[in-house]
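>>> need a 3D model of the sequence below.
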Amino acid sequence: MICLIVDDEEIIVDILESLLLGMHKDLQILKAYDGDEALEIYRRNKDNINFILTDIKMHNMNGTDFLTHVNELGSHPISCFMSGHLPDLSKFKFNNKLLAITKPFDKEDLEQLIAAVR
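Numbers count the residues shown, from 1 in each chain. Here you go, the predicted structure:
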(Lines give C-alpha, C1' and ligand atoms only; values in the text may rest on other atoms or scores of the structure.)
Protein backbone atom coordinates (compact mmCIF):
# COMPACT_ATOMS: atom_id res chain seq x y z
CA MET A 1 0.00 0.00 0.00
CA ILE A 2 1.33 3.43 -0.92
CA CYS A 3 0.29 6.42 1.17
CA LEU A 4 0.75 10.09 0.24
CA ILE A 5 1.03 12.32 3.33
CA VAL A 6 0.38 16.03 2.74
CA ASP A 7 0.90 18.74 5.34
CA ASP A 8 2.69 22.09 5.31
CA GLU A 9 4.24 21.32 8.68
CA GLU A 10 7.28 19.17 7.97
CA ILE A 11 7.40 17.81 11.51
CA ILE A 12 3.82 16.52 11.18
CA VAL A 13 4.70 14.71 7.95
CA ASP A 14 7.82 13.18 9.53
CA ILE A 15 5.98 12.06 12.67
CA LEU A 16 3.17 10.52 10.61
CA GLU A 17 5.68 8.72 8.41
CA SER A 18 7.49 7.33 11.45
CA LEU A 19 4.28 6.22 13.18
CA LEU A 20 2.78 4.63 10.08
CA LEU A 21 5.97 2.76 9.15
CA GLY A 22 6.32 1.61 12.76
CA MET A 23 2.83 0.10 12.62
CA HIS A 24 2.93 -1.26 9.06
CA LYS A 25 6.32 -2.15 7.60
CA ASP A 26 4.72 -2.89 4.21
CA LEU A 27 3.58 0.71 3.71
CA GLN A 28 5.40 2.96 1.29
CA ILE A 29 5.22 6.66 2.07
CA LEU A 30 5.32 9.61 -0.33
CA LYS A 31 5.51 13.07 1.23
CA ALA A 32 4.40 16.54 0.13
CA TYR A 33 4.42 19.85 1.98
CA ASP A 34 1.57 21.67 0.21
CA GLY A 35 -1.24 20.93 -2.22
CA ASP A 36 0.73 22.00 -5.30
CA GLU A 37 3.58 19.61 -4.53
CA ALA A 38 1.09 16.88 -3.63
CA LEU A 39 -0.71 17.25 -6.95
CA GLU A 40 2.58 16.99 -8.84
CA ILE A 41 3.54 13.85 -6.90
CA TYR A 42 0.06 12.42 -7.38
CA ARG A 43 0.11 12.98 -11.15
CA ARG A 44 3.42 11.07 -11.40
CA ASN A 45 2.22 8.20 -9.19
CA LYS A 46 -1.57 8.14 -9.56
CA ASP A 47 -1.71 4.50 -10.62
CA ASN A 48 0.16 3.43 -7.49
CA ILE A 49 -1.15 5.64 -4.67
CA ASN A 50 -3.79 3.83 -2.62
CA PHE A 51 -4.36 6.29 0.19
CA ILE A 52 -3.99 10.05 0.74
CA LEU A 53 -3.75 11.62 4.18
CA THR A 54 -3.97 15.40 3.79
CA ASP A 55 -4.19 18.45 5.98
CA ILE A 56 -6.92 20.92 5.03
CA LYS A 57 -5.31 24.30 5.74
CA MET A 58 -2.01 24.68 3.90
CA HIS A 59 -0.02 27.31 2.03
CA ASN A 60 -0.59 27.56 -1.72
CA MET A 61 -3.24 24.94 -2.52
CA ASN A 62 -5.29 23.66 0.43
CA GLY A 63 -6.30 20.04 1.00
CA THR A 64 -9.85 20.30 -0.31
CA ASP A 65 -8.67 21.95 -3.55
CA PHE A 66 -5.94 19.31 -3.90
CA LEU A 67 -8.45 16.45 -3.62
CA THR A 68 -10.83 18.21 -6.00
CA HIS A 69 -8.03 18.20 -8.60
CA VAL A 70 -7.27 14.54 -7.86
CA ASN A 71 -10.93 13.66 -8.48
CA GLU A 72 -10.91 15.71 -11.71
CA LEU A 73 -8.09 13.45 -12.95
CA GLY A 74 -10.60 10.60 -12.85
CA SER A 75 -8.91 9.05 -9.85
CA HIS A 76 -10.64 8.36 -6.60
CA PRO A 77 -8.09 7.06 -4.10
CA ILE A 78 -9.13 6.57 -0.51
CA SER A 79 -8.53 9.93 1.14
CA CYS A 80 -8.59 11.21 4.68
CA PHE A 81 -8.53 14.79 5.90
CA MET A 82 -6.69 15.78 9.05
CA SER A 83 -7.26 19.09 10.72
CA GLY A 84 -7.74 20.83 14.02
CA HIS A 85 -11.13 22.01 12.71
CA LEU A 86 -13.14 20.08 10.15
CA PRO A 87 -15.44 22.12 7.86
CA ASP A 88 -18.22 20.57 5.75
CA LEU A 89 -16.47 17.95 3.65
CA SER A 90 -19.52 15.99 2.47
CA LYS A 91 -18.45 16.01 -1.19
CA PHE A 92 -15.35 14.00 -0.30
CA LYS A 93 -17.08 10.91 1.05
CA PHE A 94 -15.67 7.44 0.36
CA ASN A 95 -18.33 4.71 0.18
CA ASN A 96 -20.69 7.23 1.80
CA LYS A 97 -18.25 7.71 4.67
CA LEU A 98 -16.17 10.77 5.34
CA LEU A 99 -12.69 9.84 6.42
CA ALA A 100 -11.32 12.51 8.70
CA ILE A 101 -9.11 12.63 11.74
CA THR A 102 -8.99 15.56 14.11
CA LYS A 103 -5.66 16.92 15.32
CA PRO A 104 -4.23 16.16 17.75
CA PHE A 105 -4.49 12.43 17.20
CA ASP A 106 -2.55 9.49 18.58
CA LYS A 107 -1.14 6.19 17.41
CA GLU A 108 -4.39 4.37 18.17
CA ASP A 109 -6.35 6.80 15.99
CA LEU A 110 -3.94 6.17 13.09
CA GLU A 111 -4.14 2.40 13.59
CA GLN A 112 -7.93 2.53 13.37
CA LEU A 113 -7.74 4.71 10.28
CA ILE A 114 -5.36 2.37 8.45
CA ALA A 115 -7.48 -0.65 9.44
CA ALA A 116 -10.54 1.09 7.97
CA VAL A 117 -8.88 1.67 4.59
CA ARG A 118 -7.18 -1.70 4.14
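>>> what sits against L39?
61, 66, 69-70 (CB atoms under 8 Å, 6 or more residues apart in numbering). Where you see a C-beta, it was placed from the backbone N, CA and C, and this is true even at glycine.
>>> which residues sit in contact with N50?
1-3, 77-78, 117.
>>> 7 Å instead?
For N50, the contacting residues are 1-2, 77-78, by CB atoms under 7 Å, 6 or more residues apart in numbering.
>>> buried residues in stretch 5-15?
The neighbour-count check on stretch 5-15 (16 or more other CB atoms under 10 Å) flags 5-8, 12-13 as buried.
>>> likewise stretch 67-86?
Going by 16+ other CB under 10 Å, stretch 67-86 has these buried residues: 67, 69-70, 77-83.
>>> tell me what the helix or strand bottoming out on mean pLDDT in the chain is packed against?
Within the chain, no helix or strand scores below strand 100-102, which has a mean of 78 by mean pLDDT, DSSP states H and E. Under the contact criterion of 3 or more CB pairs under 7 Å, 6 or more residues apart in numbering; DSSP states H and E, strand 100-102 touches strand 78-83.
>>> who's in contact with the strand it packs on?
With CB under 7 Å, 6+ apart as the test, strand 78-83 has contacts from 50-57, 63, 67, 89, 92, 94, 99-103, 113, 117.
>>> okay, now the sheet partners of that strand, with direction.
strand 51-55 (parallel), strand 100-102 (parallel) (DSSP bridges).
>>> which neighbouring elements make contact with whichever helix or strand comes after the longest one?
Sequence-wise, the next helix or strand downstream of strand 51-55 (DSSP states H and E) is helix 63-72. Packed against helix 63-72, as judged by 3+ CB pairs under 7 Å, 6+ apart, are the following elements: helix 35-45, strand 51-55.
>>> quick one: mean pLDDT over helix 63-72.
Mean per-residue pLDDT for helix 63-72: 90.
>>> try stretch 14-31
On average, stretch 14-31 scores 92.
>>> and the gap between the residue lying closest to F66 once chain neighbours are set aside and T68?
Using CB to CB, 6 or more residues apart in numbering and skipping residues adjacent in sequence, the residue nearest F66 is G35, 3.6 Å away. Separation of G35 from T68 (CB to CB, to the nearest Å): 10 Å.
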